[in-house]
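Peer 1: Below is the sequence, then the predicted model.
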Amino acid sequence: MNVTKFIDQTDSVRVGRVKDDKLIPLQLGSSFQSLADLLSVDDPIAAVESLTEESPILIDESVRWLPPIDNQEVWAAGVTYKRSQTARMEESEAAASCYDRVYNADRPELFFKATPHRVAGHRQPLRIRSDATWNVPEPEITLVLSPDLRIVGLTVGNDMSSRDIEGENPLYLPQAKCYDQCAGLGPWVTLFRTLPPVSEIEVDLKIKRGSDIVFDEQIAASQMARSFEDLVQWLGRDNTFPTGAFLMTGTGIVPTSDFTLQKDDIVNITISGVGTLSNPIVQG
Ligand code: DO4
Ligand code: MG
């Protein structure tokens, strides 16, 4: 089951359920006042099914998607795939041993990625920093966590990164990662009672420039060096999330060092069993 947020014809923010090619507005009531409320209960699927549905809208270009987030924090894990480890070690001699050690350590790299106002939804622009020259999207399976840190669903995540800033000095990581429009989430949250086996999940990144596809690569989630559950238990150590959280689980796809994202590129990220998140890129 897929649930999301969008803006309706009266310019109101709504919660909806996506079924095939239809977006079905849901009537929230006193028990559930937001999407985050639905994601917080023991059985979010049953909670969504209990809501009154309005007339379905045919999904076309006119749908105004919003990211499926309310006031949760967005966190991210890093260096969870071999490819990320080698790319970071190439990018920065100074930090190479940090990345090498974290890949093999018990404790993962976890960092604060974004507050909701820095997050873009489906078809909304993502930003390249005006002071950055080497930028990439990072396509990441993103865990949707309830306040008690159960994984209630998955969404598609884009952890936009400025590799020149990150590579200059590892202490610049928060600036390379966290700025306006630095995170993509959506188009919806796919709710699961039982998550699909990791062996069945694939991540696909395609970057379009004009009419050309200038980057096209896939990675199997089974290449991840850590489990989702392990990342979540580290995130939850002495750290509470009263309204839940989103956790990006790291990238296994990093373009070669001669590639940088450009203004007007379109980044399409597909996670099998979830959907495709598409964002145009802006700069300055
Ligand atoms: O330490 C750098 C960031 C790593 C990251 O974002 C990733 O591996 O996805
Ligand atoms: Mg990342």
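Peer 2: Perfect, thanks for sending it. Residues are numbered from 1 along each chain as shown. Ligands and ions are numbered 1, 2, ... in the order given.
Peer 1: quick check, the lowest-mean-pLDDT helix or strand in the chain touching ligand 1?
Peer 2: For the chain, the helix or strand with the lowest mean confidence is helix 82-91, at a mean of 90 (criterion: mean pLDDT, DSSP states H and E). Yes. If you take CB under 6 Å from any ligand atom as the test, helix 82-91 does meet ligand 1, through 84, 88. Glycine gets a C-beta too; all of them are placed from N, C-alpha and C.
Peer 1: That helix: what's the following helix or strand?
Peer 2: Using DSSP states H and E, the helix or strand that directly follows helix 82-91 along the chain is helix 96-104.
Peer 1: so what does that following helix touch, helix or strand wise?
Peer 2: Applying 3 or more CB pairs under 8 Å, 6 or more residues apart in numbering; DSSP states H and E, we find helix 96-104 packed against helix 82-91.
Peer 1: Is the helix it packs on in proximity to ligand 2?
Peer 2: No. Interface with ligand 2: helix 82-91 contributes nothing (CB under 5 Å from the ion), its closest point being 7.0 Å away.
Peer 1: Just want the angle from that helix to helix 96-104.
Peer 2: Helix 82-91 runs at 170 degrees relative to helix 96-104, counting by axes from the mean of the first three to the mean of the last three CA atoms, to 10 degrees.
Peer 1: Up against ligand 1, what does the protein have?
Peer 2: 76, 78-79, 84, 88, 109, 138, 159, 173, 250-251.
Peer 1: Tabulate these (CSV), appending neighbour count.
Peer 2: Below are these laid out as CSV (neighbours: other CB atoms under 10 Å):
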residue, neighbour count
Ala76, 27
Gly78, 27
Val79, 26
Ser84, 23
Arg88, 24
Glu109, 20
Glu138, 23
Asp159, 25
Leu173, 17
Gly250, 26
Thr251, 28
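Peer 1: quick one, helices of this structure?
Peer 2: Per DSSP state H, the chain carries helices over the ranges 35-40, 44-49, 82-91, 96-104, 163-168, 173-177, 228-235.
Peer 1: Give the rounded mean pLDDT of the fourth one.
Peer 2: In this model, helix 96-104 carries a mean pLDDT of 92.
Peer 1: buried set for that helix?
Peer 2: In terms of neighbour count (16 or more other CB atoms under 10 Å), helix 96-104 has its buried residues at 96, 99, 102-103.
Peer 1: what residues does this protein put near ligand 2?
Peer 2: Taking CB under 5 Å from the ion as the contact definition, the chain meets ligand 2 at 138, 159, 251.
Peer 1: and of those residues, the nearest to Gln33?
Peer 2: Minimum distance to Gln33 across the residues of the chain next to ligand 2 is 29.3 Å, recorded for Asp159 (CB to CB).
Peer 1: give me every residue that touches that closest one.
Peer 2: With contacts defined as CB atoms under 8 Å, 6 or more residues apart in numbering, the neighbours of Asp159 are 76, 113, 137-138, 140, 177, 182-183, 248, 251.
Peer 1: separation between the residue in the stretch 151-284 of the chain that ligand 2 sits nearest to and Leu110?
Peer 2: Nearest residue of the stretch 151-284 of the chain to ligand 2 (CB to the ion) works out as Asp159 at 3.6 Å. Remark: distance between Asp159 and Leu110 (CB to CB, to the nearest Å) = 12 Å.
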